[in-house]
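>>> any chance you can model this:
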Amino acid sequence: MLDIIGKTQEFVFNLFKEKLPSTFLYHNYSHTECVCNGVDEIINNTDLSEDDRLALKLAALLHDTGYTKTIDGHEEESVKIATEFLKSQGVDNKIIETVNQCILATKLDREPTTLLEKIIKDADTSHFGKDNFNETSECLRKELDVLCLKNCSPKEWVDENIHFFAEKHQFYTDYALRNWQPQKEKNLAKLIKKKEKQILKSNADNLKKQLKSENPERGIQTFFRVALKNHIKLSDIADTKANILLSVNAIIISLVLSNLISKLDSPSNSYLIIPTLIFTLSSVISMVLSIIATRPNVTSGSFTREDVEQKRVNLTFFGNFHKMDLKEYEWAISELIKDKAYLYDSMTKDLYFLGKVLDRKYRILRITYNIFMTGMIISVIAFIVAFKMSNG
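Numbers count the residues shown, from 1 in each chain. As a prediction, this is how the structure comes out:
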């Protein structure tokens with residue numbers, strides 16, 4: 001086993017050295033080593049046969065060799081290179097087939113179906129759950145730029161990463177969920193904080209610049225436009241934070257159900273009941289509060305002509321007109337734009353109530369994070385006390 005792994009390492013190193021362009025700043029031998037380390041981490045904590053361990057290590061070494069021939073469809077090229085090399089080394093056909101399936105599982109849009117595919121998939125994206133994520137991510141951004149595949153500014157790259165973290169990526173193995181998921185959540189939180197700073201700085205700079213160059217009327221319009229845009233983006237960030245809490249607590253509850261609940265039937269494990277209840281209850285409360293923070297309010301959706309004439313209705317908010325006929329709404333808007341004071345008053349109300357909604361979201365989220373943090377601390381203490389009492 002060690003012999004074929006050593007020969008494969010040497011083969012891949014020489015292949016990359018001779019045929020991989022220097023423009024590959026991320027998908028190079030250093031990335032291959034990182035994936036190999038990730039595979040080793042997982043399989044050292046997973047019950048696998050020797051053949052499966054060998055197949056995973058070989059797949060980790062060979063999974064990106066296709067980049068020496070092409071970018072699009074490099075996984076299929078990697079399979080060809082792996083098959084040819086492993087056959088020349090006399091590796092069993094069954095192991096070669098397993099290696100090939102693992103290599104194909106590293107495709108970005110491929111959903112893993114077997115444990116081995118889940119392991120290689122997690123190892124290939126293990127940098128998401130490591131504290132050197134920012135450096136690794138920047139290498140990937142520069143590689144995409146140099147290869148003319150995607151030209152993202154640092155600000156756009158932050159948005160790309162947040163979207164990928166929250167919507168497209170997940171860890172599959174128990175080991176990755178336990179050991180890499182917490183750091184992944186920290187990395188995501190850092191990205192969101194960075195985006196918040198970018199938004200605030202950009203909006204402040206734009207507002208300052210435009211207010212200097214524009215007349216008072218345009219300055220007022222710019223103020224409302226920038227302020228409303230800022231409120232909406234902050235609302236999106238609040239929703240993303242709530243989504244993080246939902247995801248984390250869903251994972252926690254699933255791990256509790258799969259690993260702890262089944263052990264509580266045994267009388268010898270009765271000391272785990274109270275810590276488990278505290279652990280689960282804090283997660284459930286956090287999930288409920290996260291849902292409440294993002295749950296929309298139902299409004300009447302209608303107004304009367306008297307409301308418009310008396311300037312009592314805010315026509316800039318859809319919740320005040322979504323049940324009205326088009327002709328009634330068109331008439332109301334025509335009345336609104338005739339009166340500048342009424343128009344600015346409506347925009348002011350819209351800004352004010354958006355701020356109230358933001359205040360509610362962030363207050364609930366703050367309470368949720370406090371409950372989540374406190375629940376985790378109390379749970380850990382409860383488990384420690386329970387273990388000591390059971391052993392005493």
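
>>> which of the residues in stretch 375-386 are buried?
The neighbour-count check on stretch 375-386 (16 or more other Cβ atoms under 10 Å) flags 375-376, 379, 382-383, 386 as buried. All C-beta atoms are positioned from the backbone trio N, CA, C, and that covers glycine.

>>> do the same with stretch 101-114
Of the residues in stretch 101-114, 101-106, 112 count as buried by neighbour count, 16+ other Cβ under 10 Å.

>>> just give me the closest of those residues to Thr68.
The nearest member of these to Thr68, counting by Cβ to Cβ, is Ile103 at 14.0 Å.

>>> list the contacts of the helix or strand that closest one falls within.
According to DSSP states H and E, Ile103 maps onto helix 93-104. By Cβ atoms under 8 Å, 6 or more residues apart in numbering, the residues outside helix 93-104 that reach it are 51-52, 54-56, 58-59, 62-63, 75-76, 78-79, 82-83, 86-87, 110, 114, 116-117, 120.

>>> elements contacting the helix or strand following that helix?
Toward the C-terminus, helix 93-104 is succeeded by helix 115-124 as the next helix or strand (DSSP H and E). When contacts are defined as 3 or more Cβ pairs under 8 Å, 6 or more residues apart in numbering; DSSP states H and E, helix 115-124 sits against helix 29-43, helix 50-62, helix 93-104.

>>> alpha carbons only: can I get the shortest one in PDB?
Listed next in PDB are the C-alpha coordinates belonging to helix 93-104 (Å, rounded to 0.1, in the frame of the first residue of the first chain):
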ATOM      1  CA  ASN A  93      -9.400  -3.200 -11.400                       C
ATOM      2  CA  LYS A  94     -11.900  -3.000  -8.500                       C
ATOM      3  CA  ILE A  95      -9.800  -0.400  -6.700                       C
ATOM      4  CA  ILE A  96      -9.300   1.600  -9.900                       C
ATOM      5  CA  GLU A  97     -13.000   1.700 -10.400                       C
ATOM      6  CA  THR A  98     -13.500   3.000  -6.800                       C
ATOM      7  CA  VAL A  99     -10.800   5.600  -7.400                       C
ATOM      8  CA  ASN A 100     -12.500   6.800 -10.600                       C
ATOM      9  CA  GLN A 101     -15.900   7.100  -8.900                       C
ATOM     10  CA  CYS A 102     -14.300   9.200  -6.100                       C
ATOM     11  CA  ILE A 103     -12.600  11.500  -8.600                       C
ATOM     12  CA  LEU A 104     -15.900  12.100 -10.400                       C
END
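
>>> measure how that helix sits relative to helix 29-43, angle-wise.
110 degrees (axes from the mean of the first three to the mean of the last three Cα atoms, to 10 degrees).

>>> helix 93-104: how far from the chain's middle?
Centre-to-centre, helix 93-104 and its host chain are 30 Å apart (Cα atoms, centre = their mean, to the nearest Å).

>>> likewise for the longest one?
Between the centre of helix 29-43 and the centre of its host chain there is 22 Å, according to Cα atoms, centre = their mean.

>>> list the buried residues for it?
Residues of helix 29-43 classed as buried by neighbour count (16+ other Cβ under 10 Å): 29, 31-32, 34-36, 38-39, 41-43.

>>> which stretches of the stretch 201-350 of the chain have low pLDDT?
The stretch 201-350 of the chain contains residues with pLDDT under 70 at 207, 210-219, 257, 260-266, 268-269, 272, 296-301, 303, 307-308, 311-322.

>>> mind listing the helices in it by residue range?
Remark: helices assigned in the stretch 201-350 of the chain by DSSP state H, counting those that start in this stretch are 216-259, 273-294, 305-309, 326-338, 340-391.

>>> which of those helices sits closest to Asp205?
Asp205 lies closest to helix 216-259 among the helices of the stretch 201-350 of the chain, at 10.2 Å (Cβ to Cβ).
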